[in-house]
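> Structure, please.
(2 chains)
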2 protein chains.
Amino acid sequence: MSFSLKILGCSSATPTTWAFPSAQVLNMEERFFLIDCGEGTQVQLRKHNIRFSKINHIFISHLHGDHFFGLVGLLSSFHLLDRKKDIHIYSPKGLKEAIITQFRITNTYLSYYIHFHELSTSEPQVIVDDKKLVVKAIPLKHRIETYGYLFQEKLKERKLNVEQLEKYKVEICDYRNIKLGKDYLTDSGQLIDNSDLTFDPPKALSYAYCSDTAFEPKLFEWVKHIDLLYHESTFLDDKITLAKKTGHSTAKQAAAVAKNAKVGKLILGHFSARYKNRTLFLDEALEVFDNVELSEEGRVFSIKN
Amino acid sequence: MSFSLKILGCSSATPTTWAFPSAQVLNMEERFFLIDCGEGTQVQLRKHNIRFSKINHIFISHLHGDHFFGLVGLLSSFHLLDRKKDIHIYSPKGLKEAIITQFRITNTYLSYYIHFHELSTSEPQVIVDDKKLVVKAIPLKHRIETYGYLFQEKLKERKLNVEQLEKYKVEICDYRNIKLGKDYLTDSGQLIDNSDLTFDPPKALSYAYCSDTAFEPKLFEWVKHIDLLYHESTFLDDKITLAKKTGHSTAKQAAAVAKNAKVGKLILGHFSARYKNRTLFLDEALEVFDNVELSEEGRVFSIKN
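Residues are numbered from 1 along each chain as shown, chains lettered A, B, ... in the order given. Below you'll find the predicted structure:
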C-alpha cells in the first residue's frame, strides 16, 4: 500500500525564490491530504505533479500567514477549474472568515462546497474517522491556537491461512469472524486458536505533523510509537531562549520528542532563514535521536508495513 | 532619468510553474510603483532584485484573485522585516476589508501604517499628485469595478541657455522666472523671447496600465499620446465573443486602442493559458498597430525623453 509524504515547502516566515513556506502532501492509500498551505502552494503542487482533483482534505495548523496564505488562491483555482467535489478544511477558528471574506469581495460563487471544520480542543481529538484511517488534531504550544495532525491507518483484518482453513474444513460463512480474530470451534468440538488459522495483518502506519510548536512534553504520549514524525525545528540550540519566547523548538528539542515518544523516524522542518547550513539541524538532532532526516522541497518520505 | 517597466507576471487566471499572474513594477525616477500583486509577487520581486523597501505605493486594478492574492503575503513580509515607512495602496472598494480581516485573524499588529485609498469614480481621477508626477485612476470596463492607472511625469522647467543669458546680462534673480517660461525685459527696454534664453525641457513621459478590460473606446482619449501602454489581450480574435462576455479584450482590440490613442508603444499581456503560442498575439496586433511588444516575465521596457 502507499504511505508517503512529499514536502512542498519547509521554511518559516517569508517565502523566497529558494525556500517555500510550509506545505506537504500525505498520500495514504491514494488519498492525498494537503497539510498547511503557504503562499505558492498551488504552484508547488503543479511542479510536483500532484493533481488538484485528488485533494479532498486540507489541514491548516494555525493562522500565521506562512501556513495558509496560499489557501485562497488554491481554492480559487479549484473553482476556475470547475471543481464539483466537496472539500473539507480543518483549522483553528478564523479561517472560514478569512476565506469567505475574500470570496465575497471578489464576487466569487464557488462551483463546489467547502466544509469548514473549525477546531477547538485542548486534548487530541478525532476529526476524521473512516473505514481505513483516523485523523486526530493535536493541540500544540504556539503563540496562537495551533494544531498538529496525527494520521493513523486502522489495523486491517487478519489474513486467512488457506491451507489451515482447508485442514480444519472451515466453512466460508465463518471466514468473516476468523478474519476479525475469533477462534474456531470445529464440528467435533475442537477449539482452534485464531493464530493457527490466520496471519498477522500488515502493521497500521502512522504519521504526525507538529508545526509550529514550542517543546511540548505531552507529545511524548500523543505521538507515541508512530512511524514518522515531522516536528518543527525553527532554531538551533544557540537560540533556545528565542525558541521558547516565540513558541518554536530547536532541533534538539524536536529530537527529544522523537526519542521520548519512541517514533520510527523524525523529519525536521520549518527552518529559520537565518541558518544557511541546514546540516547543522541534523547534527544537533542526531546527538539526541538516531533516525533523523531533513525536510527539503520535493523530498519524499515513504514508509512501509 | 529612469523610466522603466519590469514585468513580474502577465498571465490570466491560475498561476503555474511557468506563468505568474499580473504584477509589474514601474520605476519613475527611482520611485518604484507596484502595479497589481498576484500570488507569488513577493517571490518575483526578490527574483528580479527589487528591494521591498523601495516600494511605497501599490496599485491594485481590481479584486479578482489573480491581481491581488499576493498582497497580504507581501504586506506580511514587510512587517516581518520590520518595515517602518507608511505604504499607500490604491484599489476599488473591498481590499481593505480583505487585508484587515486577515491581519486580525492572524493576530498581526503591523510595524508600519497602511493608507488604503479605495477608489470610486466613473471618470479619470488624479490619485497622486506630487512635485514630479501625477497618477490617475482610469475606470475600465470589466465584470467588476476595475481601474487602470496612468502615470505621467510633470513637465520639467525649461533649461537655461547660459551663453544667451550672459549676452543679455540677465541677473541671477531672474533665472527662476525664465526657467518657468517668462520672457525677459532688458534694462534698455528690449523684450527677449523666452525661447532665445532657454532650451526645451526633456519630454514628460507617460505610461498606462489597462487590465482587465473589455474594448473601451473612451481610452482613445484617456490615454492619448502616452509613450507606453500596457493593454490586456486575454484572447485572440477567434474568441472575440468570449472576450466581450467575460469583460476582456483581444489582441486586435488592444491594438485598436493603441492606434486610436496614438500611443508610442503597446505592450500586450494577461494572456489566457489556452494559447501556447504567444507570438499569435503579436501577429494579430501588428495587423492594426505597428509598435507592439509582448509581456514576458522579467522583461524590461525602458522609455527615454
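
> Not counting sequence-adjacent ones, nearest residue to A:His242?
No, residue A:242 isn't His; it's Leu. Of all residues not flanking A:Leu242 in the chain, A:Phe235 sits nearest, at 6.2 Å (CB to CB, 6 or more residues apart in numbering or on different chains). Where C-beta positions appear, they are placed from N, C-alpha and C, glycine not excepted.

> residues contacting the one you found?
By CB atoms under 8 Å, 6 or more residues apart in numbering or on different chains, the residues touching A:Phe235 are A:242-243, A:248-251, A:272.

> so can I have CSV of those residues showing neighbour count?
Compiled in CSV, the contacts of A:Phe235 are given as follows (neighbours: other CB atoms under 10 Å in any protein chain shown):
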residue, neighbour count
A:Leu242, 14
A:Ala243, 24
A:His248, 26
A:Ser249, 29
A:Thr250, 25
A:Ala251, 32
A:Ser272, 18
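
> Flag the shaky bits of chain A, pLDDT-wise.
A:1 (pLDDT under 70).

> domains for it, by residue range?
A:3-156+A:202-302, A:159-199 (automatic domain parsing).

> what's the most buried one of those?
Mean neighbours per residue, mean count of other CB atoms under 10 Å in any protein chain shown, is largest over the domains of chain A for domain A:3-156+A:202-302, with a mean of 20.

> Please measure how far the first residue of that domain sits from its last one.
6 Å (CA to CA, to the nearest Å).

> That one: how far from the chain's middle?
6 Å (CA atoms, centre = their mean, to the nearest Å).

> hmm, back to that, list the beta-bridge partners for the residue nearest to A:Leu242.
With DSSP bridges as the criterion, A:Phe235 is bridged to A:Thr250.

> Would you convert the contacts of A:Phe235 into CSV that also reports distance to B:Cys10?
Converted to CSV, the contacts of A:Phe235 look like this (distance: CB to CB, whole Å):
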residue, distance to B:Cys10
A:Leu242, 41
A:Ala243, 42
A:His248, 38
A:Ser249, 41
A:Thr250, 43
A:Ala251, 42
A:Ser272, 34
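
> which one among these gets closest to chain B?
A:Ser272 (11.4 Å; CB to the nearest CB).

> Next, A:Asp36: phi, psi?
Backbone torsions of A:Asp36, given as degrees, to the nearest 10, read phi 60, psi 160.

> All the strands of the stretch 101-250 of chain A, residue numbers only.
A:114-119, A:125-129, A:133-139, A:147-153, A:159-160, A:184-185, A:191-192, A:198-199, A:206-210, A:228-232 (DSSP state E, counting those that start in this stretch).

> of all these, which lies closest to chain B?
strand A:114-119 (11.1 Å).

> and the direction of the closest one versus that of strand A:133-139, what angle?
50 degrees (axes from the mean of the first three to the mean of the last three CA atoms, to 10 degrees).

> list the helices and strands strand A:114-119 packs on?
strand A:87-92, helix A:95-105, strand A:125-129 (3 or more CB pairs under 8 Å, 6 or more residues apart in numbering or on different chains; DSSP states H and E).

> what does the stretch 51-200 of chain A have sitting close to chain B?
A:63-65, A:69-70, A:72-73, A:76-77, A:80-81, A:94-95, A:97-98, A:101-102, A:105-108, A:143-144 (CB under 8 Å from any CB of the partner chain).

> Any idea which of the domains of chain A gets closest to B:Lys259?
Smallest distance to B:Lys259 across the domains of chain A (CB to CB): 32.3 Å, for domain A:3-156+A:202-302.

> Now the residue in the stretch 151-300 of chain A positioned nearest to chain B. Its backbone dihedrals?
Going by CB to the nearest CB, chain B is nearest to A:Ala273 of the stretch 151-300 of chain A, at 10.2 Å. Backbone dihedrals for A:Ala273, given as degrees, to the nearest 10, come out at phi -70, psi -10.

> Distance-wise, check it relative to A:Lys179.
Between A:Ala273 and A:Lys179 the computed distance is 52 Å (CB to CB, to the nearest Å).

> so what's the nearest residue to A:Ile99 once chain neighbours are set aside up against?
Leaving aside its sequence neighbours, A:Ile99 sits nearest to A:Val72 (CB to CB, 6+ apart; 5.7 Å). The contact partners of A:Val72, taken as CB under 8 Å, 6+ apart, are A:98-99, A:102-103, B:65, B:69.

> Helix or strand: which one has A:Val72?
Element membership for A:Val72 (DSSP states H and E) is helix A:71-80.

> wait, what's in contact with the nearest residue to A:Glu284 once chain neighbours are set aside?
Once flanking residues are discounted, A:Glu284 sits nearest to A:Ala251: 4.3 Å by CB to CB, 6+ apart. Counting by CB under 8 Å, 6+ apart, A:Ala251 makes contact with A:233, A:235-237, A:268, A:280-282, A:284-285.

> In helices, which of the residues you listed fall?
A:280-282, A:284-285 (DSSP state H).

> CA atoms only for stretch A:54-66, dumped as PDB, please.
Taking C-alpha atoms only, stretch A:54-66 is exported to PDB below (Å, rounded to 0.1, in the frame of the first residue of the first chain):
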ATOM      1  CA  LYS A  54      -7.000  14.300  -5.800                       C
ATOM      2  CA  ILE A  55      -7.100  16.700  -2.800                       C
ATOM      3  CA  ASN A  56     -10.300  16.400  -0.800                       C
ATOM      4  CA  HIS A  57      -9.000  17.300   2.700                       C
ATOM      5  CA  ILE A  58      -6.800  20.200   3.800                       C
ATOM      6  CA  PHE A  59      -5.400  20.500   7.300                       C
ATOM      7  CA  ILE A  60      -4.200  24.000   8.400                       C
ATOM      8  CA  SER A  61      -2.100  24.000  11.600                       C
ATOM      9  CA  HIS A  62      -2.600  27.700  12.500                       C
ATOM     10  CA  LEU A  63      -3.400  31.100  11.200                       C
ATOM     11  CA  HIS A  64       0.000  32.500  10.600                       C
ATOM     12  CA  GLY A  65       0.500  33.600   7.000                       C
ATOM     13  CA  ASP A  66       3.300  31.200   6.200                       C
END
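
> what's the closest residue to A:Ser302 other than its chain neighbours in contact with, if anything?
Distances taken as CB to CB, 6+ apart place A:Ser4 nearest to A:Ser302, at 4.2 Å, with adjacent residues excluded. Contacts for A:Ser4 (CB under 8 Å, 6+ apart) come out as A:26-27, A:300-303.

> hmm, try it at 10 Å
A:Ser4 makes contacts with A:25-28, A:207, A:228, A:300-304, as judged by CB atoms under 10 Å, 6 or more residues apart in numbering or on different chains.

> ditto for A:Tyr90
A:33, A:35, A:57-61, A:115-119, A:127-128, A:135, A:137, A:147, A:149.

> got it, and A:Asn291?
A:228-229, A:255, A:258-259, A:263-267, A:285.

> Make sure A:Leu34 is indeed in a strand.
Yes: the assignment for A:Leu34 is a strand, going by DSSP: H, G, I helix; E, B strand; the rest coil.

> That one against A:His48, yeah?
No: counting by CB atoms under 10 Å, A:Leu34 stays clear of A:His48, with 11.8 Å between them.

> Please enumerate the shared neighbours of the two.
Residues touching both A:Leu34 and A:His48 (CB under 10 Å, 6+ apart): A:8, A:25.

> Thank you, goodbye.
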